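Trainee: next input, structure requested:
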Amino acid sequence: MPGGRLTQQERRQIALGLADGLAYAEIARRLERPTSTVTREVMRNGGPTTYRADTAHRATERRAHRRSQAAPREATARPQPYGRDAEAVREYEDMFATVFSQSGLPRMMSRVLACLYTTDAGSLTASELVQRLQVSPASVSKAIAVLESQDLVRRERDERRRERYVVDNELWYQSTVASARASAQLAETARQGVGVLVPDTPAAIRLEGIARYMDFVSESIARAAEQAREILHAGPETPPGPAANTPDARPDS
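Mentor: The predicted structure is shown next:
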C-alpha cells in the first residue's frame, strides 16, 4: 500500500472516480489508500461536486509551504493527548472546517468552530485559539463575535477569570432551533408579500408556495430537534456483542 502524500496522478484518479459516481471506498480501493484519506482529500478541496485534481494539488502545496514556514512556532506545541496522530488531527480539523464553510459559514469562523469542537474540553481562550490557528487576535475576536451572534459558541469565565469560548451539545440544539426560527421568519415575510403583490397573480402564487414550504421546513426542523435533543446528551452506545456469554461474564452463583 503506498504511503505519504497523494500524488497529482492519484488526485486525477480521484477526480475521475467522482465523475463516474464512485463511492469514496471504491476510489480508495483502486488507489490502495485508506478511505479516510480520499474523504479528507475531497472534503478539504471543495467537496465531491467541485473537486478538481490540479486545483487540489496546488492547494496542498500551498498548505505544505505555510506549514514549513510556521514550523519554528509549532515546534513548542503541546503533545497530542491519548496518543493521537498530530498530523491526522490537523487534517481532520481542516476537513471539518471545510464542511462548515460549505454550509455557508465564513472560513475563519469555520476554523474556530472546528478547533473548539475537536478539543476534549470543548473550550479555549482567545490566546489558545490564536496559538492553535496561527492567526491574529483580531481575527479570532471577529470570528467569535459572529459565532456568538448565531448561538454557536458562548462565553464563560474560568477559575482564573479568563474569558473562555465554549461549545457543547446544548448549543448545537439551540443553533438548530434558531435555524427553524429563521425559516419561520422567511415564511412569514413571503406570506406578507402575497398581499402586496395581489393574490392569485404569478408573483403572489410563487411567494405563497415559498411560505408553505418554509412553514413545513421550520416545523419539521423544530420538531426533529426536540425529539432528537436527548441524543445529544446521551452517553456513547454500548455495541452489542457476545460479552454476556463469555466465561468472564458468568452471573454470580
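
Trainee: can you give me the distance of the closest residue to residue 232 other than its chain neighbours to residue 109?
Mentor: Of all residues not flanking residue 232 in the chain, residue 169 sits nearest, at 3.7 Å (CB to CB, 6 or more residues apart in numbering). Heads up, the C-betas are built off the backbone N, CA and C, glycines and all. Using CB to CB, to the nearest Å, residue 169 is found at 19 Å from residue 109.

Trainee: so between those two, which is more surrounded?
Mentor: Legend: neighbour count by other CB atoms under 10 Å for residue 169 and residue 109, higher for residue 109 (22 against 13).

Trainee: my guess is the more buried one contacts residue 100, does it?
Mentor: Yes. Here residue 109 reaches residue 100: they are 7.5 Å apart, a contact under CB atoms under 8 Å.

Trainee: how is this protein carved up into domains?
Mentor: 7-69, 85-167, 169-232 (automatic domain parsing).

Trainee: lowest average pLDDT across these?
Mentor: Looking at those, the lowest mean pLDDT belongs to domain 7-69 (a mean of 86).

Trainee: ok now that one, how far from the chain's centre?
Mentor: Distance, stretch centre to chain centre, for domain 7-69: 18 Å (CA atoms, centre = their mean, to the nearest Å).

Trainee: residue boundaries of the helices in the stretch 151-253 of the chain?
Mentor: 169-196, 202-233 (DSSP state H, counting those that start in this stretch).

Trainee: in a markdown table: those, plus distance to residue 149.
Mentor: A markdown table is the format used below for the helices of the stretch 151-253 of the chain (distance: least, CB to CB, whole Å):
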| stretch | distance to residue 149 |
| --- | --- |
| helix 169-196 | 10 |
| helix 202-233 | 19 |
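
Trainee: ok, which of these comes nearest residue 143?
Mentor: helix 169-196 (15.4 Å; CB to CB).

Trainee: and the closest one, what does it pack onto?
Mentor: helix 202-233 (3 or more CB pairs under 8 Å, 6 or more residues apart in numbering; DSSP states H and E).

Trainee: which helices and strands sit right next to the helix it packs on?
Mentor: helix 169-196.

Trainee: how far away from the center of its chain is the helix it packs on?
Mentor: 22 Å.

Trainee: give the buried residues for it.
Mentor: With burial defined by 16 or more other CB atoms under 10 Å, the residues of helix 169-196 counted as buried are 171, 173-176, 179-180, 183-184, 186-187, 190-191, 194.

Trainee: export those residues to CSV and append columns for distance to residue 64.
Mentor: Output for these, formatted as CSV (distance: CB to CB, whole Å):
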residue, distance to residue 64
171, 34
173, 38
174, 38
175, 34
176, 37
179, 37
180, 42
183, 41
184, 46
186, 43
187, 47
190, 48
191, 52
194, 55
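
Trainee: residue 43: which of those is nearest?
Mentor: Using CB to CB, those come closest to residue 43 at residue 175, 20.9 Å.

Trainee: measure the closest one to residue 81 for me?
Mentor: 27 Å.

Trainee: likewise for residue 204?
Mentor: 59 Å.

Trainee: neighbour count winner among the two?
Mentor: A count of neighbours by other CB under 10 Å puts residue 204 above the other of residue 204 and residue 81, at 18 against 9.
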